[in-house]
Each structure stands twice: as C-alpha cells, then as structure tokens.
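1. Turn this into a structure:
(one chain, ligands or ions: 1)
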Amino acid sequence: MDWHGWHEGYQEHGRLRNRLRTVQDQLRLALDLVPSGPVQIISVCAGQGHDVVGAVDDSDRRSDVQARLVEIDGRNAEEARRRVESADLNGIEVLQGDAGTTDAYVGAVPADIVLLCGVFGSLIDEDVDSTIATLPQLCNARGQVIWTANRAASGLFERASAAFDLYGFALVWTNPADPFGVARHQLVTRRQDLQLGQRIFNFADEQTLVDLGRVKRP
Ligand SMILES: C[S@@+](CC[C@H](N)C(=O)[O-])C[C@H]1O[C@@H](n2cnc3c(N)ncnc32)[C@H](O)[C@@H]1O
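-> Residues are numbered from 1 along each chain as shown. Just a heads-up that it's a prediction; the model follows:
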C-alpha cells in the first residue's frame with residue numbers, strides 16, 4: 001500500500017476530506033472537555049498529521065497541547081514534521097516508528113485524547129479487539145478516543161463499537177448517517193499502567209483485507 005499517496009485524497013473534495021473535517025471537529029470538541037492545563041494527545045498511525053495539526057492550530061488550547069504522532073512511513077513522518085513546524089506547534093513530536101507496540105507510547109501516556117483514524121480497516125478482527133483492549137493503558141482517566149472505521153466494510157464499525165463497550169468506554173458521539181464512520185468514546189473504567197514490550201496490532205496484507213471485505217481491490 002502506498003501510504004504516502006493515500007493522503008492525496010485529502011486534496012480532493014470528497015469522502016476522505018469530509019472524514020478529516022469530522023475528525024478535526026471531534027478533536028476540537030474533545031479538547032473543550034479536557035480541564036485547563038496541559039493536554040496530552042497520541043495519534044496512532046498518524047500519517048501526515050493533517051487531523052491533529054489542523055485542529056490544534058486554530059485551537060485556543062494550542063499552547064497546552066503535547067502530542068506524540070507515531071507513523072512508520074518515513075515520507076509521511078517527514079511531511080507531518082514539516083506541517084508541525086510550519087504551524088509552529090512546539091509541543092507536537094513526530095515519532096517515526098511502529099505504532100503497533102506499547103513501547104511507542106513510553107513518555108506519552110496517559111493521554112487525554114487518543115486518535116485511531118484510518119487504522120481498524122487494515123487490521124484483522126482479533127487485532128481490532130486487542131487494540132481497543134489496550135487503550136486503557138494509553139488513556140488518562142476519562143480519556144477520549146477518536147476513531148474511524150468504514151461503515152461499508154462488512155461489520156467493522158459494529159465490531160469496533162462492541163469492543164469499546166466491552167473494554168470500558170462509553171460512546172460520546174457518532175453520526176450513523178455518515179458513510180465514513182467517525183466516533184468518539186470516553187474511558188469510564190479504570191485506566192491501566194502501560195505494559196512494555198506488548199504487541200498491539202500488525203497491519204494485515206492486502207489479500208487478507210480483501211478476504212475480510214475490508215477493501216475491494218483484488
Ligand atoms: C489510512 S492512513 C491514516 C493516516 C492518518 N491517521 C489519517 O487518518 O490521516 C494509515 C497510516 O498508518 C501508517 N502505518 C501503517 N502501519 C503502521 C505501523 N505499524 N505503525 C505506525 N504507522 C503505521 C501508514 O504509513 C499510514 O500513514
């Protein structure tokens with residue numbers, strides 16, 4: 001998968017751009033709920049950082065924000081760094097590395113807000129579950145998670161929603177009428193300490209995703 005090219009969808013008016021706007025709106029609303037003082041954000045598989053940088057740039061909490069954006073693709077990480085620098089957001093750090101291991105989050109937990117956007121569609125069902133099961137290690141008490149899952153991808157949105165319920169999160173917002181599937185949940189059980197060296201997920205290969213009905217291409 002060309003994950004650098006994937007971001008070109010944000011240049012066109014369409015579904016992906018609408019999804020980005022919705023994620024940014026949810027991030028602004030999530031920021032409003034965090035008490036005054038420092039705000040810690042984590043973006044898992046952050047891509048080029050469009051969502052975090054776009055929402056934090058015009059937020060009146062911008063100077064409170066500390067964020068870790070974890071992205072494995074070097075070109076995307078570079079682009080995210082460029083975006084962070086041009087917005088002069090000194091509290092945002094871009095870590096080029098594997099977001100699928102708990103080690104990527106040392107020093108960035110517990111987070112007030114975690115973004116998981118464009119991730120679940122590339123995971124097998126068991127990894128969707130294990131990722132959500134791990135979120136209480138990443139979140140602060142009352143931590144919020146903004147996530148996406150294509151509603152057209154055979155039960156994916158429903159599976160993720162059920163896992164959020166199971167692992168101690170309450171739904172704050174979603175819009176069942178939107179085709180791209182954005183939601184915000186909040187932790188309502190106890191947070192957990194970060195367990196180092198734990199594998200959370202692996203992106204699946206394309207044929208597996210086709211077989212699961214996540215993507216249409218052969
Ligand atoms: C669908 S894009 C979503 C990017 C961003 N979250 C967004 O919504 O704009 C998925 C991203 O995950 C990145 N990625 C894939 N496997 C990863 C891993 N193990 N750790 C960190 N990033 C990963 C890809 O390089 C890609 O940028």
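
2. Check which helix or strand Q186 maps to.
-> Secondary structure assignment for Q186, by DSSP states H and E: strand 182-187.

3. So in that sheet, which strands flank that strand, and in what orientation?
-> Paired strands of strand 182-187, with direction, are strand 139-148 (antiparallel), strand 169-174 (antiparallel) (DSSP bridges).

4. So for the first one, mean pLDDT?
-> Yep, that's strand 139-148 we're talking about. Strand 139-148 carries an average pLDDT of 98.

5. Tell me which residues of it come out buried.
-> C139, N140, G143, Q144, V145, I146, W147, T148 (16 or more other Cβ atoms under 10 Å). Placement of C-beta: from N, CA and C, glycine included.

6. helices or strands up against the helix or strand that that strand is followed by?
-> Tracing the chain past strand 139-148, the next element assigned as helix or strand by DSSP H and E is helix 156-166. In terms of contacts (3 or more Cβ pairs under 8 Å, 6 or more residues apart in numbering; DSSP states H and E), helix 156-166 is packed against helix 125-138, strand 169-174, strand 182-187.

7. quick check, the first one touching the ligand?
-> Right, helix 125-138. No: using Cβ under 6 Å from any ligand atom, helix 125-138 never reaches the ligand; the gap is at least 10.7 Å.

8. ok and that helix relative to helix 156-166, angle-wise?
-> Between helix 125-138 and helix 156-166, the angle comes out at 40 degrees (axes from the mean of the first three to the mean of the last three Cα atoms, to 10 degrees).

9. Can you dump the C-alpha atoms of helix 125-138 in PDB for me?
-> The C-alpha trace of helix 125-138 is given here as PDB (Å, rounded to 0.1, in the frame of the first residue of the first chain):
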ATOM      1  CA  ASP A 125     -10.700  -8.700  13.700                       C
ATOM      2  CA  GLU A 126      -8.600 -10.000  16.500                       C
ATOM      3  CA  ASP A 127      -6.200  -7.000  16.200                       C
ATOM      4  CA  VAL A 128      -9.200  -4.600  16.200                       C
ATOM      5  CA  ASP A 129     -10.200  -6.200  19.500                       C
ATOM      6  CA  SER A 130      -6.700  -6.200  21.000                       C
ATOM      7  CA  THR A 131      -6.000  -2.600  20.000                       C
ATOM      8  CA  ILE A 132      -9.200  -1.500  21.800                       C
ATOM      9  CA  ALA A 133      -8.400  -3.700  24.800                       C
ATOM     10  CA  THR A 134      -5.000  -1.900  25.100                       C
ATOM     11  CA  LEU A 135      -6.500   1.600  25.000                       C
ATOM     12  CA  PRO A 136      -7.000   1.800  28.800                       C
ATOM     13  CA  GLN A 137      -3.100   1.600  29.000                       C
ATOM     14  CA  LEU A 138      -2.800   4.700  26.800                       C
END
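
10. Close to the ligand: what parts of this protein are there?
-> 3, 6, 45-47, 50-51, 70-73, 76, 98-100, 117-118, 203.

11. Which of the residues you listed fall in helices?
-> The helices, defined by DSSP state H, take in W3, W6, H50, D51, N76 from the residues of the chain next to the ligand.

12. Take those and lay them out in a markdown table including pLDDT, distance to A152 and neighbour count.
-> Shown next, in a markdown table, are those (pLDDT from 0 to 100; distance: Cβ to Cβ, whole Å; neighbours: other Cβ atoms under 10 Å):
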| residue | pLDDT | distance to A152 | neighbour count |
| --- | --- | --- | --- |
| W3 | 95 | 21 | 17 |
| W6 | 93 | 17 | 15 |
| H50 | 98 | 22 | 20 |
| D51 | 98 | 21 | 26 |
| N76 | 98 | 25 | 22 |
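
13. I am finished for the moment; much appreciated.
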